[in-house]
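> Fold the following for me, if possible:
(3 chains)
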Amino acid sequence: MLNTSEDIKVDDETVRMRTENLNAFFGRTQALKNITIAIPKNKVLSIIGPSGCGKSTFLRCLNRMHEEIGGTIKGEIFLGSQDIMNLDPVNLRKKIGMIFQKPNPFPTMSVSDNVTAGLRLNGFRNKKKLQEIVEENLIKAALWDEVKDNLNQPGINLSGGQQQRLCIARTLAVNPEVILMDEPCSALDPISTAKIEELIKDLKKTFTIVIVTHNMQQAARVSAYTAFLYMGQLVEYGKTLNIFTRPGKKQTEDYVAGRFG
Amino acid sequence: MISSTEEEIPNITSDAAKSSSLSGLLKPGGKNLGDFIFENTTRLFAFLVLSLVLLMAYEMFTKSLPSINRFGWSFISSSTWDPVHDQFGALPFIFGTLFSSLIGLMIALPLSVGIAIFLSELCPQWLEHPVSLLVELLAAIPSIVYGLFGIFVMTPWLRDTVEPFLGDHLGFIPLFTGPPYGFGMLAAGLILSLMILPIIASISRDVMKAIPGSLREAAFALGATKWEAIKIVLSGSKSGILGATLLGLGRAVGETMAVTMVIGNRPSISFSLFDPGHTMASVLANEFTEATSELYTSSLIEIALLLFILTIVLNAAARFIVWSVTKKYQAEY
Amino acid sequence: MASIYYYRWRRTKNHIMAALCFASALIALIPLFLIFYYTMSKGLSSINWSFFTQMPKPAGETGGGMANALIGTGILIAIGSSIGLPVGILAGIYLSAHRTTLFSRIVRFLTEVLNGIPSIVIGVVAYILVVIPMKRFSALAGGVSLGILMIPLVTRTAEEMLNLIPQSYREASLGLGISRWKTTLFVILPAAFKGIFTGILLSIARAAGETAPLLFTALGNRFWSTQLDQPIASLTVFIYDYSKAPFDDWNRQAWAAALVLIVLVMLINIIFRIVTRKRYA
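So this is what the prediction gives:
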């Protein structure tokens, strides 16, 4: 059941993904209990909560990565009107991209090869088009100016913040609709963090974004909607502004005020 | 309750429509054809390794059957090795293997433990890597080169210097009786000790380094000298060192070239270090191409089978000990 | 009862034991240097261009070379690698992908067993599997024995190097919609390539140094032969034969061949250690 701090007028809000009674398990341990959440289109939804509350697990259910690490899912997850549990996960992930906590450009590939990795490894061959894609997505990821003179350098030669933007460019190149971000800035310095937050604000115009973050100020800066998870359960969900200024539940208020977490 | 309007994006749903008709057939776990082929190909080759070992055991067993059926247990107890009269008893070789390996072990073990202590507790940081490297290089030298060194450098030295000295001063001990040939058990034992020393030393060093520093600190805090602290570390490393020793022993019993080039290749049983001998490995090297009858070949293959079983038992015992030691450390530390 | 004399004795014992340990290290390393020294001094004189390019001369004549032995070892290693590398790498990929299943544990154990089997026993197996059916000694039989020897080394190296690659690359690749097998083959394997390659070099060095399994499989050949179904010469058997001969010149050639072998093996070993140490830097 959803808890909201006020009635959400979602009729004028289109929803790109939603979960219904999502339960996730690692063997016998239950990590998520009956999560029902809507992910609005072209907005940023942030997932907050203390360590171990299931935020990353939830994210990994959305692109079915949870099963890759041996987990099981019960419940429904919809992309549009399709239950993604009936789709081929490999194809699904071309539509739902993921950015990870620690930037992970492929170590044996150059900057440009990293950007096109998702396309090349799925058979895309047209060299000219690939070059255009490299430029287009590095621009979208706000990295083009910094690397355009040396696209052949190994991806891992870049700084941490640049590597993360490279990973974003790599994800954008596959042309997803939803981008999942798992604490994308927690390994970065404040300046890189600021650049990426700027990027997120820009990206949401074209993509739907779900971001897991333990930094509440970041959630407040970047997202329109927030979901607060605690011990695998959805405690509260609503407009970010409301969650932070007028939380409906005491637990939410305690967490937001820093009394635990 | 949220009411939501879901938007249909053409390509995802048409893709989805395509793949969902297919994926009705495929598990939602996401296995497509490429994954299936790749996964099962690697599984096949892993299985190949398994079947190879089983095949080896099977083939050696079946080809030894003529000899097993003819000689039974007397194969292990008889010391008559007479190809001319088709009489084969493997005791001299079993004895030779065990005796030479034991000598090698007795020389190598104290040295290896000494080296391990040196590398793990005593030597300065900058010296550790180069010395470790040199010890490990000892292991990389091919057996044939050890053999060459044995024939032309070591045995003359033994014959002209060491064995006369031992014979003159310790000749009352049966170990040191007989004419000093140079070639013989002592030569084999010495060469083997060189070859197994790196194994025992590097594993023992790793085992000792794995003991947490807090143990040593506790010893020092109680006023122990460095050596006394080392004794404590040693007692904690006992099982690991035992495992290393078994691995070294496993290597020693299987050593062929270096041994056959210095041991004299005579199938006799003698307790004197100066006398020549023969091992299971060296008789295979020497006589396999000369085996004229089927029984001869079968007896040789039976020796190979015995060697096979011996090394498996030693290696399995070593692994078991190492396994139980690491489990103990995981539980305690 | 902390008497000053007992304390002094403990101190002395401390120094004695330290000296003994240091001495062990020296004693162990002396043969290493001796071997290098003798190989160099006895073998260097026979190393010349003709040693590498000429065929062995008839018994009693001085001179000649080991050209056929060099090519023989090359061919034997090629055959061995064509067996050992595919089996080892694919099995290693499987073991790295399934770390805890019962089947993997059994295969891993048997790989270690295979590693510990004396090379002469593997020669016997190759004799049974190849020489007996073919009714002749052959390069193929020798190559098979070397291949069997290489399998556990390559398997272990492949598995260990693959395990070193952080999971996040796999996650990133899967997250892009790349299938599992493409991820393993085109993302993970290339990342582990350098380590696996040097591990392969190491197993080749080990195979090149083997003598025992070749004695009754490839046998040996005083003449030039590159045929797979005929006996073939090899560097190691060359050393063995020439070391047993009563001719001084032949003994010197044995040392020379040993020098070549040792230089090759040591070089590869040192390269291996440099490359794998860099990973920890």
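> How about the helix or strand A:Thr19 falls within and chain C, touching?
Assigned by DSSP states H and E, A:Thr19 belongs to strand A:14-26. No - no part of strand A:14-26 sits near chain C under the criterion C-beta under 8 Å from any C-beta of the partner chain; the closest distance found is 14.7 Å. To be clear about C-beta, it is placed using only N, CA and C from the backbone, and glycine gets the same treatment.
> Going by neighbour count, which residues in the longest helix anywhere in chain C are buried?
Criterion DSSP state H: the longest helix present in chain C is helix C:4-43. By neighbour count on 16 or more other C-beta atoms under 10 Å in any protein chain shown, the buried set for helix C:4-43 is C:14, C:17-18, C:21-22, C:24-25, C:28-29, C:31-32, C:35-36, C:38-39, C:42-43.
> Restricting to these, which residues neighbour chain A?
Checking the buried residues of helix C:4-43 against chain A by C-beta under 8 Å from any C-beta, not one of them is in range.
> what about the residue of the stretch 51-200 of chain C found nearest chain B, neighbour count?
Relative to chain B, the nearest point of the stretch 51-200 of chain C is C:Pro118 (2.7 Å; C-beta to the nearest C-beta). C:Pro118 sits with 25 neighbouring residues when counted by other C-beta atoms under 10 Å in any protein chain shown.
> ok, so what distance separates the closest residue to it other than its chain neighbours from B:Leu247?
Spatial nearest neighbour of C:Pro118, excluding adjacent residues (C-beta to C-beta, 6 or more residues apart in numbering or on different chains): B:Gly254 at 2.7 Å. Here the criterion is C-beta to C-beta, to the nearest Å. By it, B:Gly254 lies 11 Å from B:Leu247.
> Same drill for these two, tell me which one is more crowded.
Each of B:Gly254 and B:Leu247 has its neighbours counted (other C-beta under 10 Å); B:Gly254 has more, 28 against 22.
> my guess is that one meets C:Ser119, correct?
Yes - with contact defined as C-beta atoms under 8 Å, B:Gly254 reaches C:Ser119; the gap is 7.4 Å.
> and the longest helix of chain C, is it in reach of chain B?
Yes - using C-beta under 8 Å from any C-beta, helix C:4-43 reaches chain B at C:10-11, C:13-14, C:17-18, C:20-25, C:27-29, C:31-32, C:34-35, C:38-39, C:42.
> Show me which residues of stretch C:44-56 are buried.
By neighbour count on 16+ other C-beta under 10 Å, the buried set for stretch C:44-56 is C:46-47, C:51, C:56.
> want to try TSV for those residues, with pLDDT, distance to chain A and secondary structure as columns?
Formatted as TSV, the buried residues of stretch C:44-56 follow (pLDDT from 0 to 100; distance: C-beta to the nearest C-beta, whole Å; DSSP: H, G, I helix; E, B strand; the rest coil):
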residue	pLDDT	distance to chain A	secondary structure
C:Ser46	80	45	helix
C:Ile47	80	40	coil
C:Phe51	81	41	helix
C:Pro56	81	46	strand
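> Just the closest of these to C:Ala205, please.
C:Ile47 (19.8 Å; C-beta to C-beta).
> Spell out which helix or strand contains the nearest residue to the closest one once chain neighbours are set aside, please.
Nearest non-adjacent residue to C:Ile47, counting by C-beta to C-beta, 6+ apart: C:Ala256, 5.1 Å away. In the assignment (DSSP H and E), C:Ala256 maps to helix C:248-278.
> on contacts alone, who are the packing partners of that helix?
Contact here means 3 or more C-beta pairs under 8 Å, 6 or more residues apart in numbering or on different chains; DSSP states H and E; on that basis helix C:248-278 packs against helix B:125-140, helix B:143-149, helix C:4-43, helix C:189-208, helix C:235-244.
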